[in-house]
Structure formats: C-alpha cells, structure tokens
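Participant: Have a look at this prediction, sequence included:
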There are 2 protein chains.
Amino acid sequence: MKKTSLNDIAVELGVSKTLVSLVLNGKGREHRISEKVCKKVIAKAKELNYQPNQIAKGLRTGKTNTIGLIIADIANPFFGKLGREIENEASKHGYRVMFCSSDEKAEKSKQQIEVLQQGLVDGFIISPPTGSEEQILKLEEAKIPYVLVDRFFPEIDSNYIVVDNFLAAYDATQHLIKEGYKKIACVTINDKLVNMSQRLEGYKKALADANIEVAESRIKTLPFSHEKDDVLLAVTELAGGAEKADAVLFTTSKVGVMGLECIHSLGLQVPGNLAVVSFDDPDAYRISNPPVTAIAQPLKEIGSRSVKILMDLMNKRKGKKNPQQVMLKTNFVERSSSKK
Amino acid sequence: MKKTSLNDIAVELGVSKTLVSLVLNGKGREHRISEKVCKKVIAKAKELNYQPNQIAKGLRTGKTNTIGLIIADIANPFFGKLGREIENEASKHGYRVMFCSSDEKAEKSKQQIEVLQQGLVDGFIISPPTGSEEQILKLEEAKIPYVLVDRFFPEIDSNYIVVDNFLAAYDATQHLIKEGYKKIACVTINDKLVNMSQRLEGYKKALADANIEVAESRIKTLPFSHEKDDVLLAVTELAGGAEKADAVLFTTSKVGVMGLECIHSLGLQVPGNLAVVSFDDPDAYRISNPPVTAIAQPLKEIGSRSVKILMDLMNKRKGKKNPQQVMLKTNFVERSSSKK
DNA sequence: TGACTTTGTTAAATCGGTTTAGCAAAGCTA
DNA sequence: TAGCTTTGCTAAACCGATTTAACAAAGTCA
C-alpha cells in the first residue's frame, strides 16, 4: 500500500491536483474555490490520511525546513545541551535539525557543510573549528544563511553568538585571587580559536591587575587533541615541584572533567591542596565532592537566539542586513571547590 | 550566482543531461559513453563545482540517505553518547542523522515520526517512550525500516537492541549484598517500560535469592516526570527513620545524578552512610568523590549494531526477514561508592 | 444584446535529478 | 548490398509537489 499523493486525491475526486494543492494549503478562499469543493477535498485528504511529501515540496519551493547544526561533539554535554535548546527553538518555528559532529576538525566540518549545502538544509548553526575560515567565507559568498555559536572569526563579518570569554576568565581568576590564592594555574588547549585565547588573556590580565606575576610554567597548554594522559601530566606537574600551584582554572569542561578525575586519582584535596574553577557547568560539577565552581554559559539563550537570528536571515530576503553579533555574559556559579 | 545543475553542464557541453548524469554516476562505461566525452563531462563538472541536488535525487530515487533518530533527550549524556555512536556508524554508510528529542512523551514522538515519515528519512532508530506502541505498529504496517534501542515492546515483533536489565540489576544488587549491605533501597521511575520494570525485578530477585526481605518502603518510585524535589524527598526518607537504608540502587543516571546531589547536600557520607550503585555511567560518576559504581551500557555497540541492522533492513528488500533482537550485557564498573 | 467582470477551475511548466526505451550511424557478416 | 550488431548518445517520462497563466461559464452593466 503506497502512500497517498496529491494526485491520488485529485483522481478520486475528479478534480485537478492544482485545486487539491490550493485547498490543502489553505489558499482555497484566496483562489475562489467553492466552499463545497474545499470541504470535499479536505475530507478526502483525511480519509486517505494524506501526508504531503516533504521532498517533493522541498524541490519545488527550495525550502527544506531543516537547519544544519555543526558542532564539535554531540556526546559532549555542553554541545548536547546546546543542541537541545536549538532543537526546541527550531521546532517552534517548524524546523528540524540535522546534526553533525566535527570533532573540531576543519576538514570534517567542511565535508559536512558541503553535503548539507546540496539542498538538504536552509541554513546553518555552526560552532566552527580552527582552520574553517575558508569554509565560512564560502557560505558568506554563496549567501547561505548561517550563524556561528561559541566561537567566531574576527576577520569575518558573520552573525554570531558568543560569551564574553575574556571577562569570564578575568572574573573567575579574580575570584580565586580574592579568596587568597596566589599561585593560580591555567590548563588550556592549544587551539588558535579566539574564544580560547581570550580565556587565557582574561586569566593573565586578572593576575597582572593584581600584581601577581604570570608564571608561564603554571600555564599548561594541552595538545589540540588531548587525552587523559595529557591532562594527568599537566595536573601532576602543577601539583608538585617548585612551581606548585594552589589553584587552577580549567578552560573547558572537557579538560576540567578529566582534570578533576586526575586530581582525585592523585589523592589531592580540593580545595585544600588545589582549588578548582572551570569553564562550563556539566552535571558532573554539581555532584563532584566538593562541588566545582563553574563558569556557566547561558546555553538556553545561545540556542534560542541563534535560531531566531537564523530564522530572520532565512525569511528576510531584504538584501544584506547588518550582521547580528551578540556577546552574552556568563554566569559564575560559586561552589566550594574554590573557597579558601 | 546560482548553483550549477546537471542541465547547466549539459548545455555548456552541448550534450544531453542523461549523458551527464550517467557519467557522473560512474555509469559511463556501462552505457558505452566514449572515454573522451566522459573526461570532458567530469572536467566541466569540476570546473563548475557541480554538486548534485540531494533533494531532487531523493525525489526520483525515493532515498534520502538520512535516518531519523528519536530519543528522549539529546542533552542527556546517555543519549548524547548513543547519538554520537549512531552518527559515526551512519556516516560510514553514507547516511546522515536527523535527531528528535521526545522527552519520553508518546505524543511528541508520534508527531516526530509522522513528520519524518513524509519522505524525509529512509528509516528510524527509536528509543520508544511508554505508550508509543501504536506508533511502532504503524511503522510495522507501513513497512518502514526501524530499530528500537534501549527499550522494546514484548508484544511487538520489532528489531531491537537492548541490554539485559534484569541481570544487570540482579548483579548490582548482589554486589551490594556481598559487600555486606543489608538494607538496600532502590530508587526508580514510575514508567511501564519493560526496561524499567526489569531493573526493579532484578533488584527484588537478588534480595529474595539472598533471603533478604523486600521492604516496599525502601523502593522509591518517582513520578514519571520527576524533578529534583522528588528525588530529594526519596533520598531524605531513605536516609532516616525506621526504614533507613544502608545502600541504594538508582535505576537511571538521570535519577542517580540528582540523587547524588541530594546525598551530598544532606551531608551524607558515601559509602559510609549510604552506598551507591547506579545504572549508566556518565562522566559525573568518575569525578564524583568517591567515584560511583556504575552499570555501564555498551553504547558503542548499541549504536553501531542498531545502524547496521537498519542498513540491512533498508537495503534488502527481500520480504520480511526474521527480526533481529539483540540483548547485550552491561559492564559493571566497581568503584568506591559501593565498597564497605 | 454585446462587452466586461467575476467565479470556479485546470493545463502545463517547473524544481533537478534518474531511468527507460529507442534511434542514428558505423561496423560487420554473408 | 541487404541485414544484423555494436557503438554512442538522447528524448521523454517520472518522482510529487507548487505556481503561473488562462479559460469557460455565469453574472452584471449599459
């Protein structure tokens, strides 16, 4: 039993498929289709359980009602939660979401964007990996609607939604200083992305403003593709030796979660031996013992606003609009991992 | 500048689009297109950066190369990780994934399945919520390829991949008994799903087999849509009073994470005051202090096998095959939250 | 009554591919 | 040289919707 098509209804009722299409799209009145015929069509459509083929519709109208979401990894709770917010907001606008995990690899995100661009989505929400500038520029040239989230490229005039990473790192570091910590370390990633560099800058600036010398040995920059061993090495170095730290700022939750695991496995007391503050706020930080002070990102707002901006871009064909570039505040969640 | 179509290439070269299509689909040789012309077409396609429109292709061939993934919530790390495995495996087969979070609501999953069924996907991987039997039966009738994961309906002869929930709960409870715990509680959810009921049954059977009376007061069944307050109440009751428990089994990580948060906020020592074992193994359990004993599910295997089964269903039109019903073993990860 | 409107409906083009059926020219056989 | 085969290519149908342009019939006006 095949699915019923527009034509099936038309044939059964002995009318044209134009008429059926018009009626079912609510354009009956507008096109002066008689009340009687309208009802007949609607009734038959219901009887045959007619569901329009979205592919055919998409081909004709050039709209898919789908947005492509390119993020690093849907298994990472940060992106999982963001993805969920995006899904929710998109759904309110009648849109679906195709998701792709790029693993922060430019080549992978390039492939994904290229495939989805082949008529599969109407626009993109992208968390662009390092080195994907070219791909973003191509979207710009092709006038494909897109919004960047979490990071952006200063040299490209995109629409984006990010948080104030510099300020967040600055405030977090200052918090540790105020609590009385002096030897504050930072564990970050070797990533050229502006959000990462800003976090490091914020950390450095806070130390400098408090007249604390920035000890390069307390800045641990992990390889771009970092594993637990890399983190363990960093934490071990910070835990002992001449450059021993009394507090640490983790610049992502991925690093932070691995870091805490290492801290625990080394038998270090938090915050006694080492105070901890981390970017992002996964569930884990609430049930860690002690709970971990976190720099929470407004994921709900990032998600809903990015979708709204994208909808604007997709619906309004009014030439080039001024790009929307939003910088939100993070939410500092003070917990006991950073108390003196 | 519009995207180049098949026809553009055909016109530029003065050949038919049939020829172009055949050549670009690697059927040139098969259809005796001359070597020279083949090369010309391929060169021109590259020159114009031709990307076939997947929508048009999909309309004609009836294939979308997309699978629909219906899960409870992509923000839940359990489903996030599962989603990622599914994405990876699907990608190996040239498939994309459209994801939908149903929030365990049958009505929502019904809508989502219905929409995706309108030509948007070739098949489904579904974690069906309570009450969605009817929807699954409809898929069965319509002969839409689908695979259930995490749960299934005993009365419907579906393809599915689940874990042995009874055994997992049995073993976990037995572990607690062996460690010397006597007053073992279980915090679960009021959900008719077979996976949930089997977890409870496994727990009860282990107690019975050890000649420990099953105290109904130590079985806390949370509302279907449970919030932290519900968990807090349950944990508080288990922590004190006449029915005080010395160990607890959480039947999902969502409950477990909330439960641990409550345990910590009540100032209870783990495992001193209350030992803990939980289904699932989110990151949080590794960095919790002490780390939490977990019943880890083989998400990688669930993901890859569900996709493989789905691929089989989609590719082989050889009538009705015997349903593949797979029951995998969980992986018990003993950590210090359950040691005496 | 002839011209003009309005009403109700439809044929056909279109989106961009895939696929079927077949045709013209060249080569080969007898 | 008639007839058959092979080679190389194409016209047209098709997938299932939307949309444009138009047409017949009925009603209105002068």
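Facilitator: That came through fine. Predicted model only: the values in this text are computed from it and were never measured.
Participant: Quick check: the gap between the closest residue in space to residue A:72 that isn't next to it in sequence and residue A:25.
Facilitator: Leaving out its chain neighbours, the residue that sits closest to residue A:72 by C-beta to C-beta, 6 or more residues apart in numbering or on different chains is residue A:104, at 4.9 Å. In short, each C-beta sits where N, CA and C put it, glycine included. For residue A:104, the distance to residue A:25 equals 43 Å [C-beta to C-beta, to the nearest Å].
Participant: Pick out whichever of those two has more residues nearby.
Facilitator: residue A:104 (21 against 12; other C-beta atoms under 10 Å in any protein chain shown).
Participant: Verify the stated contact: the more buried one with residue A:129.
Facilitator: Yes - using C-beta atoms under 8 Å, residue A:104 makes contact with residue A:129 at a distance of 4.3 Å.
Participant: where do the contact lists of these two overlap?
Facilitator: residue A:72 (C-beta atoms under 8 Å, 6 or more residues apart in numbering or on different chains).
Participant: how is chain A carved up into domains?
Facilitator: Split into domains by automatic domain parsing, chain A comes to A:6-52, A:64-163+A:300-328, A:165-296+A:332-338.
Participant: Would you mind giving the ones you listed as TSV with distance to residue B:170 added?
Facilitator: Below are the domains of chain A laid out as TSV (distance: least, C-beta to C-beta, whole Å):
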stretch	distance to residue B:170
domain A:6-52	45
domain A:64-163+A:300-328	29
domain A:165-296+A:332-338	26
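Participant: Dump these to a markdown table, plus mean pLDDT and distance to DNA strand D.
Facilitator: Below are the domains of chain A laid out as a markdown table (pLDDT from 0 to 100; distance: least, C-beta to the nearest atom of the strand, whole Å):
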| stretch | mean pLDDT | distance to DNA strand D |
| --- | --- | --- |
| domain A:6-52 | 93 | 3 |
| domain A:64-163+A:300-328 | 94 | 12 |
| domain A:165-296+A:332-338 | 94 | 40 |
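Participant: right, and those domains - which one's nearest DNA strand C?
Facilitator: domain A:6-52 (3.4 Å; C-beta to the nearest atom of the strand).
Participant: Between the two ends of the closest one, how far is it?
Facilitator: The first residue of domain A:6-52 is 7 Å away from its last residue (C-alpha to C-alpha, to the nearest Å).
Participant: From residue A:173, how far off is residue A:279?
Facilitator: 12 Å.
Participant: ditto for residue A:285
Facilitator: Applying C-beta to C-beta to residue A:285 and residue A:173 gives a distance of 18 Å.
Participant: and what of residue A:252?
Facilitator: Taken as C-beta to C-beta, the span from residue A:252 to residue A:173 is 16 Å.
Participant: neighbour count winner among those two?
Facilitator: Taking neighbours as other C-beta under 10 Å, residue A:252 and residue A:173 compare with residue A:173 leading, 26 against 23.
Participant: that older thread, how about the contacts made by the residue nearest to residue A:72?
Facilitator: A:72-73, A:129-130, A:191, A:224-225.
Participant: Just the buried subset of those, please.
Facilitator: Buried subset of these (neighbour count, 16 or more other C-beta atoms under 10 Å in any protein chain shown): A:72-73, A:129-130, A:191.
Participant: Tell me the one among those residues nearest to residue A:258.
Facilitator: residue A:73 (14.2 Å; C-beta to C-beta).
Participant: so that closest one touches residue B:84, yeah?
Facilitator: Yes - counting by C-beta under 8 Å, residue A:73 does reach residue B:84; the two are 6.4 Å apart.
Participant: Mind listing the shared neighbours of these two?
Facilitator: Common neighbours of residue A:73 and residue B:84 (C-beta under 8 Å, 6+ apart) are residue A:101.
Participant: hang on, the earlier thing: near DNA strand C too, which of the buried ones among the contacts of residue A:104?
Facilitator: The subset of the buried ones among the contacts of residue A:104 lying close to DNA strand C, counting by C-beta under 7 Å from any atom of the strand, is empty.
Participant: Quick one: these as JSON lines, columns for distance to residue A:240 too.
Facilitator: JSON lines is the format used below for the buried ones among the contacts of residue A:104 (distance: C-beta to C-beta, whole Å):
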{"residue": "A:72", "distance to residue A:240": "32"}
{"residue": "A:73", "distance to residue A:240": "32"}
{"residue": "A:129", "distance to residue A:240": "34"}
{"residue": "A:130", "distance to residue A:240": "32"}
{"residue": "A:191", "distance to residue A:240": "27"}
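Participant: can you give me the helices for the stretch 101-250 of chain A?
Facilitator: A:106-116, A:133-141, A:165-178, A:194-209, A:228-239 (DSSP state H, counting those that start in this stretch).
Participant: Tell me, how many residues neighbour residue A:289?
Facilitator: 19.
Participant: For the residue lying closest to it once chain neighbours are set aside, give me phi and psi.
Facilitator: Leaving aside its chain neighbours, residue A:289 sits nearest to residue B:289 (3.6 Å; criterion: C-beta to C-beta, 6+ apart). Residue B:289 adopts backbone torsions of phi -120, psi 110, taken as degrees, to the nearest 10.
Participant: same check, this time on residue A:294
Facilitator: Per degrees, to the nearest 10, the backbone of residue A:294 is at phi -130, psi 150.
Participant: What of the one 5 residues further on?
Facilitator: Comment: the main-chain dihedrals of residue A:299 come out as phi -60, psi -40, following degrees, to the nearest 10.
Participant: Report pLDDT for the residue of chain A found nearest DNA strand D.
Facilitator: Nearest residue of chain A to DNA strand D: residue A:5, at 2.8 Å (C-beta to the nearest atom of the strand). Residue A:5 carries a pLDDT score of 94 in this model.
Participant: which ones are touching the residue nearest to it when sequence neighbours are not counted?
Facilitator: Distances taken as C-beta to C-beta, 6+ apart place residue A:53 nearest to residue A:5, at 6.9 Å, with adjacent residues excluded. Taking C-beta under 8 Å, 6+ apart, we find residue A:53 in contact with A:3, A:5, B:59, B:118-119.
Participant: Next, work out how far apart residue A:53 and residue A:294 are.
Facilitator: 47 Å.
Participant: got it, and residue A:96?
Facilitator: 32 Å.
Participant: quick one on the thing from earlier: what's the most buried one of the helices of the stretch 101-250 of chain A?
Facilitator: For those, average neighbour numbers computed from mean count of other C-beta atoms under 10 Å in any protein chain shown are highest in helix A:165-178, which has a mean of 21.
Participant: Run through the neighbouring helices and strands of that helix.
Facilitator: Applying 3 or more C-beta pairs under 8 Å, 6 or more residues apart in numbering or on different chains; DSSP states H and E, one finds that helix A:165-178 contacts strand A:184-189, helix A:194-209, strand A:247-250, strand A:275-279, strand A:293-296, strand A:331-333.
Participant: neighbouring contacts of it?
Facilitator: Counting contacts by C-beta under 8 Å, 6+ apart, the residues touching helix A:165-178 from outside are A:184, A:195-196, A:198-203, A:205-207, A:209-210, A:212, A:247, A:249, A:251, A:275, A:277, A:279, A:293, A:295, A:329-330, A:332, A:334, A:338.
Participant: Extract the CA atoms of that helix and return them as CSV.
Facilitator: What follows is helix A:165-178, C-alpha atoms only, in CSV (Å, rounded to 0.1, in the frame of the first residue of the first chain):
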residue,chain,number,x,y,z
ASN,A,165,35.3,34.8,27.4
PHE,A,166,37.8,37.4,28.4
LEU,A,167,35.6,38.8,31.1
ALA,A,168,34.6,35.4,32.3
ALA,A,169,38.1,34.2,32.7
TYR,A,170,39.1,37.5,34.3
ASP,A,171,36.3,37.4,36.9
ALA,A,172,37.0,33.7,37.7
THR,A,173,40.7,34.4,38.2
GLN,A,174,40.0,37.5,40.3
HIS,A,175,37.6,35.4,42.4
LEU,A,176,40.5,33.0,43.2
ILE,A,177,42.7,35.9,44.0
LYS,A,178,40.2,37.4,46.3
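Participant: Nice, that's everything, thank you.
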